[in-house]
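Engineer: sequence and predicted structure are below.
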Amino acid sequence: MLSKEIEKWLVAEVDARSQLWTWGRDAFWLTFVAAYPLFPRGKWRMWDPRVPVEGTFVEEWLGRSGDIDVKTGSNESVLALLSDIWTEFGRHTALFYPFPLVAVN
């Protein structure tokens, strides 16, 4: 799972006082929420507590999470939500990772 890989890298290899930490933390939350769109409700895996619940994306997500009900939403609304998160993830990763995320042949 991508969020778990980012989390491992973040806590094991990145200085928590660096810009790269902030970038990695935000990348982690984008992927975590994409994997568990009902977060903070529903079921989700526990993350490493060294990764704080901080950052623009996750804070906004928590602020509006009560308005999002993936279980009763249509498949189209769930896909739109995940598409929005993927788009944001792509924009975000381009800040430090200037290569394509998906190989295109």
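Structural biologist: Cool, the structure landed.
Engineer: where does the residue nearest the centre of the chain land in three-state SS?
Structural biologist: Central residue of the chain (Cα atoms, centre = their mean): Leu30, 1.3 Å from the mean position. Put simply, Leu30 is helix when judged by DSSP: H, G, I helix; E, B strand; the rest coil.
Engineer: quick one: pLDDT of it?
Structural biologist: On pLDDT, Leu30 comes in at 94.
Engineer: same thing with Trp86?
Structural biologist: 86.
Engineer: secondary structure class for it?
Structural biologist: helix.
Engineer: next, count neighbours for it.
Structural biologist: For Trp86, the count of nearby residues is 15 (other Cβ atoms under 10 Å). To be clear about C-beta, it is placed using only N, CA and C from the backbone, and glycine gets the same treatment.
Engineer: again, but for Leu82
Structural biologist: Leu82: 15 neighbours (other Cβ under 10 Å).
Engineer: for whichever strand or helix holds it, packing partners?
Structural biologist: Per DSSP states H and E, Leu82 falls inside helix 75-93. Applying 3 or more Cβ pairs under 8 Å, 6 or more residues apart in numbering; DSSP states H and E, we find helix 75-93 packed against helix 19-35.
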